[in-house]
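Trainee: Just need the structure, nothing else, for what follows:
(one chain, ligands or ions: 1)
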Amino acid sequence: MTYLTAAIAVHSLEQALGAAVRAAELGADLVEYRIDTFTDDPNDVTELVQRSALPCIITCRPTWEGGAYDGDEQTRLSLLEHAGVGARKPAYIDLELAAFEKSANLRQKISLVVDDPDRPRQSDTGLILSSHDFEQRPADLLRKVKDMAEAPLCRVIKVAWQARSLRDNLEAFELIGQQVKPTIALCMGECGLASRVLAKKFGALLTFASIDGDTGTAPGQPTLGEIKKLYRWDSLNADTRVFGVIGYPVGHSMSPPVHNAGFDAAEVNGVYLPMPIPTEYEHFKATVATWLATPELHFGGASVTIPHKENLLRFVREEGGAGSEVEALAERIGAANTLQVREDGSLYACNTDYAAALDAVCDGLKIQRDGLAGKQVAVIGAGGAARAVVAGFAHYGATVTVYNRTVDRAIELAEQFGETAAKLDDLASSNADVYINCTPIGMHPDVEASPLDISNQQSAIRNHLGPGVVVFDTIYNPIQTKLLREAAAAGCETIPGTEMFVRQGAAQFKLWTGKDAPLEVFRDVLAGHLKSS
Ligand code: NAP
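Mentor: Below you'll find the predicted structure:
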């Protein structure tokens, strides 16, 4: 069993005991009381252990190991000793390897409090020997793990270090997998989330989570709510397939809540994580290659977003190996947003953005994709989103005009797909069947902006807009942009960017799981997150 452990910084007895009750309600199995700044009176520690709502770990972390305790070692030892004097014992006491190795006196005293294999059993309390590095992976990490493994008194090995990249997580999994002793191996920081969530998949003794976002005790610690619900703690096991969103930054991506809720609803044994990878191709290549080369991870694929959409194409082309493929239209667009790892290990890169845009519009027009032939489509913008949209509509025979602030970019994009370009000002006199905004004009916080001047009742564009015309805004924050509100008021069929977002995700979901995505769940989760963001 992997214990979900709430980390509690103790400021007072009542605050800590209350926090443990809350942790139990939120689904924690264990609490770690960090008594660094709690008290000078050892009896307080005894009482804390006696009254705890959950089994506990007692830790008094000194400043030299990243904690807040700055008193003398004698007092610290006395606090730890008193954790074990009551009728109820702590499940574990955590002590730094460095302190343990340095002082024979400390080793002798602590051996009286914890379970000592060399003595008749006098305590159930296990000793966790720990080592932390808040800067990097320590050069002597393996030596430390060996020392912990060889110390008879040590029941649990704990190492934690600042992850420099997603690759660090793999070493944490490897250490856990050695199974010499129960092990906690955690990576700190944004890149270390996988080690915390997947601790259960790899059979670690425990993972830590904070009760809420403000009370964590280490960088990158998720909350109990996040780990339980968002990252599907109760469903995780050794066979869980791992997916994620690769980008930089990815901290605010809506994809993890959407896909994880989809896995829940469709009963898929999967988990979906944010995967930050710095911009350069070499980072992308090294990280994705090592994740793919770790079969126990069951890495099934990823959504790929800015700035890696071109990197994904190149990676699958150059490193994919036998049987790997890039979707032809993704190649023409020059960007892919989806990586699928097939059962035989070959890779497939494709672009679900263009298909999502096509299907959102076809549903709005109540036609099949073939019915787009001959439709006049005005695409506003000439960036990444516009590129996918133009490619998709041109492929199905629509007549596309690209309107862009920088006309040269519009010309370049239009020419690549055999279409036409125009100045942004020309929109005012356009008469397309479909308008697609692929610029950020109208996006939060600039919500009173619109790329089409529809408010002027006398304008040519206002007279053109009405029933039969579709207006699609790729922006999804806010869901109802000014453009969509005004177009709807003019009688147009309107489509929000959330439809593109959920559909590109749904196509990925189908590719990875073979199951239809629960679109309503996707929509609800996305709307909920947009409302609270
Ligand atoms: P991008 O590559 O940076 O392109 C932005 C485009 O917007 C460029 O053509 C740029 O014109 C134009 N633009 C930017 N600010 C402008 C302004 N103030 N006035 C006129 N034109 C302006 O961005 P992108 O990745 O294509 O994303 C564009 C939009 O698509 C975003 O709002 C994003 O929310 C949306 N999107 C939605 C989804 C979805 O799933 N719903 C997916 C992807 C993107 P210049 O060439 O003149 O700079």
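
Trainee: Please make it C-alpha for all contacts and neighbour counts, starting now.
Mentor: Fine.

Trainee: What segments of the stretch 351-500 of the chain are strands?
Mentor: 376-380, 399-404, 420-423, 434-437, 470-473, 493-495 (DSSP state E, counting those that start in this stretch).

Trainee: Could you provide those in TSV, with additional columns for mean pLDDT?
Mentor: TSV is the format used below for the strands of the stretch 351-500 of the chain (pLDDT from 0 to 100):
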stretch	mean pLDDT
strand 376-380	98
strand 399-404	98
strand 420-423	97
strand 434-437	98
strand 470-473	97
strand 493-495	97
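
Trainee: do you know which of those strands lies nearest the ligand?
Mentor: The closest of the strands of the stretch 351-500 of the chain to the ligand is strand 399-404. By CA to the nearest ligand atom, the value is 5.7 Å.

Trainee: What helices and strands are in contact with the closest one?
Mentor: strand 376-380, helix 384-395, helix 407-416, strand 420-423 (3 or more CA pairs under 8 Å, 6 or more residues apart in numbering; DSSP states H and E).

Trainee: Could you single out the most deeply buried of those?
Mentor: strand 376-380 (a mean of 24; mean count of other CA atoms under 10 Å).

Trainee: Any chance you could list what contacts that strand?
Mentor: Residues from elsewhere that reach strand 376-380, judged by CA atoms under 8 Å, 6 or more residues apart in numbering: 386, 389-390, 393, 398-404, 424, 431-439, 451.

Trainee: one more time with 7 Å, if that's ok
Mentor: 386, 398-404, 432-439 (CA atoms under 7 Å, 6 or more residues apart in numbering).

Trainee: partner strands of it, parallel or antiparallel?
Mentor: Strand 376-380 has its sheet partners listed here by DSSP bridges as strand 399-404 (parallel), strand 434-437 (parallel).

Trainee: what residues does the stretch 351-500 of the chain put near the ligand?
Mentor: Taking CA under 6 Å from any ligand atom as the measure of proximity, the stretch 351-500 of the chain contacts the ligand at 381-386, 404-406, 409, 438-441, 474-476, 497-498, 500.

Trainee: for the chain, same thing?
Mentor: Within the chain, the positions lying close to the ligand (CA under 6 Å from any ligand atom) are 381-386, 404-406, 409, 438-441, 474-476, 497-498, 500-501.

Trainee: and if we set it to 8 Å?
Mentor: Taking CA under 8 Å from any ligand atom as the contact definition, the chain meets the ligand at 306, 353, 356, 380-387, 404-407, 409-410, 424, 437-441, 443, 451, 473-477, 496-502, 504.

Trainee: filter those to the buried ones?
Mentor: The neighbour-count test (16 or more other CA atoms under 10 Å) marks 306, 353, 356, 380-382, 385-387, 404, 407, 409-410, 424, 437-441, 443, 451, 473-477, 496-502, 504 as buried among those.

Trainee: which residues of the stretch 401-533 of the chain fall in helices?
Mentor: For the stretch 401-533 of the chain, applying DSSP state H, counting those that start in this stretch gives helices covering 407-416, 460-464, 482-489, 497-513, 519-532.

Trainee: okay if I get those as TSV plus mean pLDDT?
Mentor: Converted to TSV, the helices of the stretch 401-533 of the chain look like this (pLDDT from 0 to 100):
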stretch	mean pLDDT
helix 407-416	97
helix 460-464	93
helix 482-489	96
helix 497-513	97
helix 519-532	94
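
Trainee: Mind checking the helices and strands packed on strand 399-404 for the one nearest to residue 24?
Mentor: Set against residue 24 and scored by CA to CA, these come closest in helix 384-395, at 45.3 Å.

Trainee: and the closest one, how far out from the chain's middle?
Mentor: Distance, stretch centre to chain centre, for helix 384-395: 28 Å (CA atoms, centre = their mean, to the nearest Å).

Trainee: just stretch 24-34 next, same as before
Mentor: 23 Å.

Trainee: List the buried residues for it?
Mentor: Neighbour counts over stretch 24-34 (16+ other CA under 10 Å) mark 24, 27, 28, 29, 30, 31, 32, 33, 34 as buried.

Trainee: Quick one: end-to-end length of that stretch, please.
Mentor: Stretch 24-34 has an end-to-end distance of 17 Å (CA to CA, to the nearest Å).

Trainee: my guess is residue 494 meets residue 484, correct?
Mentor: Yes. Counting by CA atoms under 7 Å, residue 494 does reach residue 484; the two are 6.0 Å apart.

Trainee: Identify the residue of the stretch 101-250 of the chain closest to the ligand, quick one.
Mentor: residue 247 (12.7 Å).

Trainee: beta partners of that residue?
Mentor: According to DSSP bridges, beta-bridge pairing links residue 247 with residue 276.

Trainee: Pull the contacting residues for it.
Mentor: 275, 276, 277, 304, 305, 306, 307, 308.

Trainee: Take those residues and lay them out in JSON lines including pLDDT.
Mentor: Below are the contacts of residue 247 laid out as JSON lines (pLDDT from 0 to 100):
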{"residue": "275", "pLDDT": "98"}
{"residue": "276", "pLDDT": "98"}
{"residue": "277", "pLDDT": "98"}
{"residue": "304", "pLDDT": "98"}
{"residue": "305", "pLDDT": "96"}
{"residue": "306", "pLDDT": "94"}
{"residue": "307", "pLDDT": "96"}
{"residue": "308", "pLDDT": "97"}
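
Trainee: per the record, what domains does this protein have?
Mentor: As given by automatic domain parsing, the domain ranges for the chain are 3-235, 244-261+271-350+516-524, 354-495.

Trainee: I'd like these laid out as CSV, including distance to residue 533.
Mentor: Supplementary listing: the domains of the chain in CSV, determined by distance: least, CA to CA, whole Å:
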stretch, distance to residue 533
domain 3-235, 15
domain 244-261+271-350+516-524, 9
domain 354-495, 9
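
Trainee: Compare the ones you listed and give me the one nearest residue 530.
Mentor: Nearest to residue 530 among these is domain 354-495 (6.8 Å), distances taken as CA to CA.

Trainee: about what we covered before: which ones among the buried residues of stretch 24-34 map onto strands?
Mentor: Mapping those onto strands (DSSP state E) picks out 30, 31, 32, 33, 34.

Trainee: Now do the contacts for the second one.
Mentor: Taking CA under 7 Å, 6+ apart as the criterion, residue 31 is in contact with 5, 6, 7, 8, 20, 54, 55, 56, 57.

Trainee: which of those tops the neighbour count?
Mentor: Ranked by the number of neighbours (other CA atoms under 10 Å), the contacts of residue 31 place residue 6 first, at 33 neighbours.

Trainee: Please look at that one and residue 207 and confirm they touch.
Mentor: No. Using CA under 7 Å, residue 6 is not in contact with residue 207; the gap is 8.5 Å.

Trainee: List the residue ranges of the stretch 101-250 of the chain that fall below the pLDDT cut-off.
Mentor: The model of the stretch 101-250 of the chain has no residue with pLDDT under 70.

Trainee: how about 90 then?
Mentor: 116-123, 179, 212-220 (pLDDT under 90).

Trainee: what ranges do the helices span in it?
Mentor: So, for the stretch 101-250 of the chain - with DSSP H, counting those that start in this stretch - the helices run 104-110, 141-150, 167-177, 193-197, 224-225.

Trainee: Pick the most buried one from these.
Mentor: Ranked by mean neighbour count, the helices of the stretch 101-250 of the chain are led by helix 193-197 with a mean of 25 (mean count of other CA under 10 Å).

Trainee: For that helix, what is the distance to the chain centroid?
Mentor: Centroid displacement of helix 193-197 relative to its chain, using CA atoms, centre = their mean, is 10 Å.

Trainee: do stretch 171-178 as well
Mentor: 21 Å.
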